[in-house]
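Enquirer: Sequence plus the predicted model coming up.
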Amino acid sequence: MSNALKIGIIGLDTSHVTAFTKLLNDPENAYHVAGGKVVVAFPGGSPDMELSISRVEGFTNTLRDELGVTIVDSVEAVAEQSDAILLESVDGRVHLEQFAKIAPYGKPVFIDKPLAVTSEDAKQIAELAKKHGIPVMSSSALRYAEGLTSVLGDDSKGAVIGIDAFGPMALIPTQPGYFWYGIHTVEMVFATLGKDCVDVTVTTNDDHDLIVGRWADGRIATMRGNRKGNNTFGAVVHREKGSQFVDVYAHPKPYYASMLEPIMAMFKGEGPAIDFEDTVRLVRFIEAANESRETGKTVAL
């Protein structure tokens, strides 16, 4: 491990930080991702977000006491002591501010979902990355679930003509509408159809949401968000000669490991696996869906 990249983490308020650290730091892990080791972290946390601030202490203690990670008191200290950075703060509102502080250090950065909770913030992150020449990638791990990638890699039934995705969709005040859990189904859809959605329409009630997106080439996607009943993720990919069910739980390999592989490839200089403009467009899609959810009208992207 002497030539392993030194990886820093910003934001210790999500279970992703322990999952990623174990996968990266433990060569004995069945799904170990080689090439880097988490060595430094900044706890962070958003005081007005209960699902953030209530978890910081526990994850900080685990990283420091059980996983041997050095805890520092600023995002700048993480950037100074690492070769690459996992920006893991669970609150998408703080990503632009934190990224702006570390961008001048020129280190590659993975920004966990959501990249931002407004398209304006997303565009500013993109501009900063370009200004400083930094490779940046952002994604939900569901995009890399083996159940989805295996279906997308099997074109025996012809070209993809649409997708129906579903998943749990809790709502919390600080991450507007679909930016919290709805983003996972949106990621599966964008991984399948690409970024060229032209408009979105939402039907909602207390228990469920249904997002319908229309793509420039005429394909249609639906994303069902459940607050009652089914609490699992999945999808049906429709092709010219049949449909394929996506079971994201069927494969033993965790999607965190599947996502860390392209992240590490980017950290080692191979470039981001996802065009950043696609992610900015995804943020705009969610923004438009939130607007449709409030107004009941179709909203153009």
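Expert: Thanks, I have the structure now.
Enquirer: which regions of the stretch 51-200 of the chain sit below the pLDDT cut-off?
Expert: Along the stretch 51-200 of the chain, the model assigns pLDDT under 70 to no residue.
Enquirer: could you pull out the helices for it?
Expert: 56-61, 75-80, 95-102, 119-132, 146-152, 182-193 (DSSP state H, counting those that start in this stretch).
Enquirer: highest average neighbour count across the ones you listed?
Expert: Most buried of the helices of the stretch 51-200 of the chain, by mean neighbour count (mean count of other C-beta atoms under 10 Å): helix 182-193, with a mean of 26. Bear in mind the C-beta positions are built from the backbone N, C-alpha and C, glycine included.
Enquirer: Put the alpha carbons of it into PDB.
Expert: Output of helix 182-193 as PDB, limited to C-alpha atoms (Å, rounded to 0.1, in the frame of the first residue of the first chain):
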ATOM      1  CA  GLY A 182     -36.100  10.500  -5.000                       C
ATOM      2  CA  ILE A 183     -32.700  11.100  -6.500                       C
ATOM      3  CA  HIS A 184     -31.900   7.400  -6.500                       C
ATOM      4  CA  THR A 185     -34.700   6.500  -8.900                       C
ATOM      5  CA  VAL A 186     -33.800   9.500 -11.100                       C
ATOM      6  CA  GLU A 187     -30.100   8.300 -11.200                       C
ATOM      7  CA  MET A 188     -31.300   4.900 -12.500                       C
ATOM      8  CA  VAL A 189     -33.400   6.600 -15.200                       C
ATOM      9  CA  PHE A 190     -30.600   8.900 -16.300                       C
ATOM     10  CA  ALA A 191     -28.100   6.000 -16.400                       C
ATOM     11  CA  THR A 192     -30.600   4.300 -18.700                       C
ATOM     12  CA  LEU A 193     -31.900   7.100 -21.000                       C
END
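Enquirer: quick one, longest helix in the protein?
Expert: Longest helix in the chain, counting residues (DSSP state H): helix 276-295.
Enquirer: could the helices of the stretch 51-200 of the chain go into CSV alongside distance to Asp217?
Expert: Listed next are these as CSV, based on distance: least, C-beta to C-beta, whole Å:
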stretch, distance to Asp217
helix 56-61, 43
helix 75-80, 41
helix 95-102, 31
helix 119-132, 22
helix 146-152, 17
helix 182-193, 9
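Enquirer: which stretch among these comes nearest Gly162?
Expert: Taking C-beta to C-beta, helix 182-193 is the member of the helices of the stretch 51-200 of the chain nearest to Gly162, at 7.7 Å.
Enquirer: So Ile71 sits against Leu63, correct?
Expert: Yes. Using C-beta atoms under 8 Å, Ile71 is in contact with Leu63, at 7.0 Å.
Enquirer: Could you name every residue contacting both of these two?
Expert: Ala41 (C-beta atoms under 8 Å, 6 or more residues apart in numbering).
Enquirer: So the two - more neighbours on which side?
Expert: Between Ile71 and Leu63, counted using other C-beta atoms under 10 Å, Leu63 has the larger neighbour count: 23 against 17.
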